[in-house]
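A.B. asks: Pasted the sequence and its predicted model underneath.
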Amino acid sequence: MPELARFRAIHGPVDDHSLPASASILHVDMDAFFVSVELLERPELRGKAVIVGGGPNQRGVVTSASYEARKFGVHSAMPLRTAGKLCPQGIFLDGHHQKYGEWSDRIATILAKFSPIVEMVSIDEAYLDLAGTERLHGPPLGAAHRLLHMITATTGLPCSGGLAATRLVAKVASEQAKPRGLVWVVPGSEARFLAPLPVRKIPGVGEVTERALRALGLETVGQLADLPQAKLEKIFGQWGTALYRKARGGDSYEFVIDAEPKSISHNHTFGEDTKDTEMLVAVLSHLSQKACKRLRESGLTARTLTLTIRYAGFDTYTRSKTLPEPTLLDGDIFAVFQKLFCEHRDMKRKIRLLGVSLSGFSHGVRQLDLLEAERRGKLEKLTRAADNLRDRFGFDSVKFGGSLKADGPKGGPHES
């Protein structure tokens, strides 16, 4: 897996931060990712209105919709019942978020072949910095083209990309490229590229800001860019400063790799609230193993473990345990999560979500527990071998005992 990059805020006057001189930031976005994964096993559904998230009469929301379904107005985060009314002929499928996570891991492995700096910002999108990779992969535009083709040729999943000088413009470009396209924004043309687009296309501009801008007569990004910075700041405060920069294609963040993650977490939302202890423990084991794998990929050990339990009604509780010494072993970490779960779970209530989080990181710290050094070394080798198999054949190619019975009610869109 690639070294995880982070974004760090840039401070100071807007004019102090001109756009980079080269377009080396690539935003890769999978096209209708959940639907595309489902179609790998159901190719007969290609070209049809497919909606992932559950049945049209179930509670919950759409997590993905094919482009054929989108023509009827169906989109992600829409209530399933609304989608059923808009597209009664649609084919509704349950989600399989564990499977989506495995495909996401495979895509991340491909991305890592093109750059040492990759940021998976969600299960289906990532940023890469292609600067400095020319000797291996050629100019960024050619590398981006080959990367997108490799993803589809290797996985069978369609994707789009945007190549630009900043991540903001790269993200907008990949959206404009959909489906199965690549848009390259030449340095110096950012403002012209953004100008005709609706203001809602700017990342971070939501419904409230859009209404406020339209009330000022601002429909397009170009109209927004024509407004003086002082006027935007007077109306929107600090957000006005960001809008001024964004309308010109600038970022308020830079691509760096020196900021370590503060935590590693995985959550699972159940399609139906449940009190099934066996299934809950199995899911907890699965989440713990996924977090441990990421921990080892980052070259870290963790001391603080936090369990999250959300009950029906959305009451949410967290409980933490700080270990005397840091660890990276699945068995040690799952044992703590299992104990926290048993001690603090309310047996009378159904559970909607389980989550695990690792923090209190250290680099290269050896465990000083009661395991003899030889046995500890064997366990670490075993977990790394398991990680390698998972990278090649998918996360579920290796399962530890506690998660063997994790197949239960389908999870919601929040597993990450």
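C.D. replies: Okay, I see it.
A.B. asks: distance between the ends of stretch 154-167?
C.D. replies: 26 Å (C-alpha to C-alpha, to the nearest Å).
A.B. asks: for it, what is the average pLDDT?
C.D. replies: Regarding stretch 154-167, the rounded mean pLDDT is 95.
A.B. asks: swap in stretch 218-234?
C.D. replies: 94.
A.B. asks: try stretch 170-190
C.D. replies: Computed over stretch 170-190, the average pLDDT equals 94.
A.B. asks: Next: stretch 276-283.
C.D. replies: 92.
A.B. asks: What segments of the stretch 301-416 of the chain are helices?
C.D. replies: 330-344, 373-393 (DSSP state H, counting those that start in this stretch).
A.B. asks: rank those helices by pLDDT, which is bottom?
C.D. replies: Among these, helix 373-393 scores lowest, at a mean of 61.
A.B. asks: For Phe92, see how far away Thr82 is.
C.D. replies: Between Thr82 and Phe92 the distance is 12 Å, computed by C-beta to C-beta, to the nearest Å. Where C-beta positions appear, they are placed from N, C-alpha and C, glycine not excepted.
A.B. asks: ditto for Thr274
C.D. replies: From Thr274 across to Phe92, the span is 22 Å (C-beta to C-beta).
A.B. asks: need the helix or strand of the protein with the lowest average pLDDT.
C.D. replies: Least confident helix or strand, the chain: strand 6-9 with a mean of 41, by mean pLDDT, DSSP states H and E.
A.B. asks: I'd like the next helix or strand past that strand.
C.D. replies: Along the chain past strand 6-9, the next helix or strand (assigned with DSSP states H and E) turns out to be strand 25-30.
A.B. asks: Off-centre distance for that next one?
C.D. replies: Offset of strand 25-30 from its chain centre (C-alpha atoms, centre = their mean, to the nearest Å): 12 Å.
A.B. asks: still on that earlier bit, Thr82 and Phe92: which has the busier surroundings?
C.D. replies: Phe92 (20 against 15; other C-beta atoms under 10 Å).
A.B. asks: Just to check, that one is in contact with Lys48?
C.D. replies: No: the pair Phe92 / Lys48 is not scored as a contact, 11.4 Å apart, by C-beta atoms under 8 Å.
A.B. asks: how about the strands in the stretch 251-400 of the chain?
C.D. replies: Using DSSP state E, counting those that start in this stretch, the strands of the stretch 251-400 of the chain run over 253-256, 264-274, 300-311, 316-327, 351-363.
A.B. asks: Now distance to Lys99 and mean neighbour count too, for these, in TSV please.
C.D. replies: Shown next, in TSV, are these (distance: least, C-beta to C-beta, whole Å; neighbours: other C-beta atoms under 10 Å):
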stretch	distance to Lys99	mean neighbour count
strand 253-256	30	15
strand 264-274	13	19
strand 300-311	23	21
strand 316-327	26	15
strand 351-363	18	20
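A.B. asks: how about the ones you listed, which one is nearest Asp105?
C.D. replies: The closest of the strands of the stretch 251-400 of the chain to Asp105 is strand 264-274. By C-beta to C-beta, the value is 12.4 Å.
A.B. asks: Just confirm Ala212 is within a helix.
C.D. replies: Yes: judged by DSSP: H, G, I helix; E, B strand; the rest coil, Ala212 forms part of a helix.
A.B. asks: That one: how many residues sit nearby?
C.D. replies: 15.
A.B. asks: Now Pro43: phi and psi?
C.D. replies: Taking degrees, to the nearest 10, you get phi -60, psi -20 for the backbone angles of Pro43.
A.B. asks: how far away is it from Lys178?
C.D. replies: 21 Å.
A.B. asks: Comparing these two, which shows the higher neighbour count?
C.D. replies: The neighbour comparison of Pro43 against Lys178 (other C-beta under 10 Å) goes to Lys178, with 18 against 8.
A.B. asks: what's the distance between that one and Leu340?
C.D. replies: Distance, Lys178 to Leu340, using C-beta to C-beta: 42 Å.
A.B. asks: and if you look at Glu44?
C.D. replies: Glu44 sits 45 Å away from Leu340, going by C-beta to C-beta.
A.B. asks: Neighbour count: the two, which is higher?
C.D. replies: Applying other C-beta under 10 Å to Glu44 and Leu340 shows that Leu340 carries more neighbours, namely 20 against 7.
A.B. asks: Buried ones in stretch 84-94, by neighbour count?
C.D. replies: Gly84, Leu86, Cys87, Gly90, Ile91, Phe92, Leu93 (16 or more other C-beta atoms under 10 Å).
A.B. asks: Looking at those, spot the one nearest Met78.
C.D. replies: Met78 lies nearest to Leu86 out of the buried residues of stretch 84-94, by C-beta to C-beta, at 8.1 Å.
A.B. asks: pretty sure that closest one contacts Phe72?
C.D. replies: Yes: between Leu86 and Phe72 there is a contact at 4.9 Å, judged by C-beta under 8 Å.
A.B. asks: what's Ala126 in contact with, if anything?
C.D. replies: His27, Val28, Ile107, Ala108, Leu111, Val118, Glu119, Met120 (C-beta atoms under 8 Å, 6 or more residues apart in numbering).
A.B. asks: From these, list the buried ones, please.
C.D. replies: With burial judged by 16+ other C-beta under 10 Å, the buried subset of the contacts of Ala126 is His27, Val28, Ile107, Ala108, Leu111, Val118, Glu119, Met120.
A.B. asks: Quick check: the farthest pair among those?
C.D. replies: Counting by C-beta to C-beta, the most remote pair of the buried ones among the contacts of Ala126 is His27 and Ala108, 14.3 Å apart.
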